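> Need coordinates for the below:
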Amino acid sequence: MELKVIRTDEDYHQALKRLEPIFDAPADTPEGDEAELLGILIEKYEDEHYPIEAPDPIEAIKFRMEQMNMDNQDLAKVIGYKSRVSEIFNRKRKLSLKMIRNLHEKLKIPYESLITDKKT
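Residues are numbered from 1 along each chain as shown. The predicted model follows:
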């Protein structure tokens, strides 16, 4: 495939179609280089045309709790009182800086997921 900037959905779909058979090509081979370049072009196009917003902080916390099989009492040990958990989940209280640090350090939730412009 002749590599070119992906400008249209048709270009995008052709690039995806080409990438599929060479995706696992060894590095430092012509097909491996082509796969790497296609990946970069595809990622750039997707970032511009199909951006993924950062998750809502509350949803990020709930998702991580589910992954770790935690309940609200477990979360209370991380962020403070049990009533705080309820207030945060009901969006009556915002996450404090200390809560954000604890959630990041103890539950490994990325800061980017906890700090957004969205109302929490």
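
> and Ile6, how many neighbours?
Look at Ile6: counted by other Cβ atoms under 10 Å, it has 22 neighbours. Yep, even glycine has a C-beta here, placed from its N, CA and C like the rest.

> check which helix or strand covers the nearest residue to it once chain neighbours are set aside.
Distances taken as Cβ to Cβ, 6 or more residues apart in numbering place Tyr45 nearest to Ile6, at 4.2 Å, with adjacent residues excluded. In the assignment (DSSP states H and E), Tyr45 maps to helix 30-49.

> Can you list the helices and strands that that helix packs against?
The contact analysis (3 or more Cβ pairs under 8 Å, 6 or more residues apart in numbering; DSSP states H and E) places helix 30-49 against helix 9-22.

> Which elements pack onto the helix it packs on?
For helix 9-22, the packing partners by 3+ Cβ pairs under 8 Å, 6+ apart are helix 30-49.

> List the buried residues of the helix it packs on.
Neighbour-count burial for helix 30-49 flags Glu34, Ala35, Leu38, Leu41, Ile42, Tyr45 (criterion: 16 or more other Cβ atoms under 10 Å).
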